[in-house]
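Enquirer: pasting the structure only:
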């Protein structure tokens with residue numbers, strides 16, 4: 001570990017540590033770095049951030065400039081901006097990678113060089129100077145060779161072509177000059193937009209240029225500076241002259257200077273949403289207790305083990321019956337929300353979150369509703385559906401951010417699912433939903449939770465299903481109980497919304513052969529028509545079951 005390798009180099013007790021690393025974007029990232037540092041310096045506080053803030057702090061500064069906002073404009077292989085207010089709060093702008101962002105970067109300049117060259121060939125029927133430079137650099141003979149190369153080129157390889165754009169521009173090539181003018185415009189515009197997120201137009205702002213494109217191409221940097229001064233006349237523009245590590249030292253001095261290194265690792269960039277609102281548990285959650293019936297599970301006969309698993313799983317239903325009235329109330333809330341145009345959201349991590357995703361995904365084909373009416377929010381996002389995402393569930397800010405970006409409002413219902421009841425991601429989501437006026441519900445399997453009144457959801461469903469056969473494996477009874485609750489809520493809510501006739505799915509989306517056959521049988525059962533008439537009505541109704549039934553009545 002790189003951090004451990006630094007342990008012996010400290011010549012005195014450390015007052016604090018500042019660490020900046022590329023790619024650090026989330027609270028989970030910062031917590032992992034803090035935890036790694038704590039293993040080496042357990043009693044030393046740590047400030048974990050990304051390499052943009054350390055570079056920003058490495059810029060020229062004095063007491064006067066420290067009192068104004070600062071914006072780092074970086075253009076290298078990629079591009080992004082980072083702003084910092086005098087009070088230490090930071091603003092990130094860009095950093096979305098070369099597919100979604102990296103405007104004005106070496107990658108974009110190189111790619112634009114390729115595109116401009118082939119477009120010029122199509123328009124003029126001849127290959128331009130810029131194109132000749134690119135072919136020579138890549139040791140290619142024909143423009144057609146660029147097609148396969150571009151498909152396979154790494155980000156760094158594409159960015160390397162920026163050198164050919166600069167070379168062609170130096171020889172007066174209009175295509176290359178146009179590309180660089182647009183790139184300088186883009187970088188200046190992003191820097192100004194970053195500044196506007198911190199201060200009002202016209203306020204003094206220090207802009208710092210960084211990255212190989214801006215630092216190694218002085219003509220381009222002058223072009224970007226000129227445009228920046230046009231957009232923000234009160235700008236002071238400098239270039240980064242010190243290594244980023246100097247900025248890490250500045251951050252350490254700022255946060256820990258003159259203090260003894262006491263206390264555990266701390267996170268200076270504290271989440272906006274207060275993690276102290278997480279509930280306590282008056283006793284160990286049943287989900288974490290050992291089941292006395294399965295202590296010899298590894299030595300039990302297969303016959304007895306199978307019987308034990310089935311018997312234990314059956315306890316989930318009995319426990320849920322004790323929560324029947326609360327589940328009824330939840331269903332009524334969901335029906336009311338749907339009738340006024342609202343939506344149902346599930347928020348969870350791991351197994352709990354995946355079960356929410358599963359129910360949400362199954363609602364459109366089962367009931368014929370739009371996918372946006374029932375949505376799953378999973379800690380760690382899409383990749384967490386297939387694999388574990390380390391630390392994803394530990395960030396309440398990530399849960400709150402997901403709620404913000406889904407546009408949750410007062411017409412919606414948000415159900416947080418957390419087997420043990422204390423998942424920070426879930427509580428962050430519930431807190432954000434409550435602030436937006438949505439109905440909030442917690443489903444958990446820990447009856448010992450002690451929740452502060454300020455953070456308590458509108459409804460808590462906490463059946464005691466007892467310890468799992470495999471200690472802590474909440475994909476077992478807790479997972480079974482979760483699926484039963486979610487299935488019950490959506491099935492009965494949709495029945496009351498007219499998506500069910502009797503016990504038949506009249507909202508069914510007949511998207512394949514099996515479902516079309518089922519649709520025919522449903523129409524037969526509802527209307528009494530024969531199979532031929534039912535199929536004909538469905539075809540005329542574009543396989544909408546409810547419409548076909550109405551045609552035959």
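Expert: In hand now; what should we look at? Because the structure is predicted, anything quoted here is derived from the model rather than measured. Numbering: from 1, shown residues only.
Enquirer: buried stuff in the strand or helix carrying residue 176?
Expert: Per DSSP states H and E, residue 176 falls inside helix 174-196. By 16 or more other C-beta atoms under 10 Å, the buried positions in helix 174-196 come out as 175-177, 179-180, 183-188, 190-196. C-betas here are computed from N, CA, C, even on glycine.
Enquirer: what residues does that helix touch?
Expert: With C-beta atoms under 8 Å, 6 or more residues apart in numbering as the test, helix 174-196 has contacts from 69, 71, 73, 75, 79, 81-83, 91, 93-94, 103-105, 108-109, 112-113, 116-117, 120, 128-130, 165-169, 205, 207, 214, 220, 223-224, 227-228, 230-232.
Enquirer: and the helices in the stretch 351-500 of the chain?
Expert: Here the stretch 351-500 of the chain has its helices, by DSSP state H, counting those that start in this stretch, at 396-405, 424-435, 477-496.
Enquirer: most tightly surrounded among the ones you listed?
Expert: Comparing these by mean neighbour count (mean count of other C-beta atoms under 10 Å), helix 424-435 ranks first with a mean of 26.
Enquirer: roughly how far out does that one sit from the chain middle?
Expert: Put simply, helix 424-435 sits 15 Å off its chain's centre (C-alpha atoms, centre = their mean, to the nearest Å).
Enquirer: before we move on, what about stretch 78-97?
Expert: On C-alpha atoms, centre = their mean, the centre of stretch 78-97 falls 18 Å from the chain's centre.
Enquirer: what segments of this structure are strands?
Expert: 17-21, 46-50, 69-75, 79-84, 90-94, 205-210, 235-239, 280-281, 344-348, 374-378, 413-417, 439-443, 449-450, 459-461 (DSSP state E).
Enquirer: which elements pack onto the fifth one?
Expert: This means strand 90-94. helix 51-57, strand 79-84, helix 174-196 (3 or more C-beta pairs under 8 Å, 6 or more residues apart in numbering; DSSP states H and E).
Enquirer: one more time with 7 Å, if that's ok
Expert: Here strand 90-94 touches strand 79-84, helix 174-196, going by 3 or more C-beta pairs under 7 Å, 6 or more residues apart in numbering; DSSP states H and E.
Enquirer: same check on the longest one?
Expert: Strand 69-75 is packed against helix 51-57, strand 79-84, helix 174-196, strand 205-210, with contacts defined by 3+ C-beta pairs under 7 Å, 6+ apart.
Enquirer: do the last one as well
Expert: Packing contacts for strand 459-461, counted by 3+ C-beta pairs under 7 Å, 6+ apart, involve helix 324-339, strand 439-443.
Enquirer: and among those, the most buried is which?
Expert: With neighbours defined by mean count of other C-beta under 10 Å, none of the helices and strands packed on strand 459-461 is more surrounded on average than strand 439-443, at a mean of 27.
Enquirer: note down every partner strand of that strand and its orientation.
Expert: Within its sheet, and counting by DSSP bridges, strand 439-443 is paired with strand 413-417 (parallel), strand 459-461 (parallel).
Enquirer: can you give me the angle that strand makes with helix 424-435?
Expert: 160 degrees (axes from the mean of the first three to the mean of the last three C-alpha atoms, to 10 degrees).
Enquirer: quick one: distance of strand 439-443 to the chain centre.
Expert: Put simply, strand 439-443 sits 22 Å off its chain's centre (C-alpha atoms, centre = their mean).
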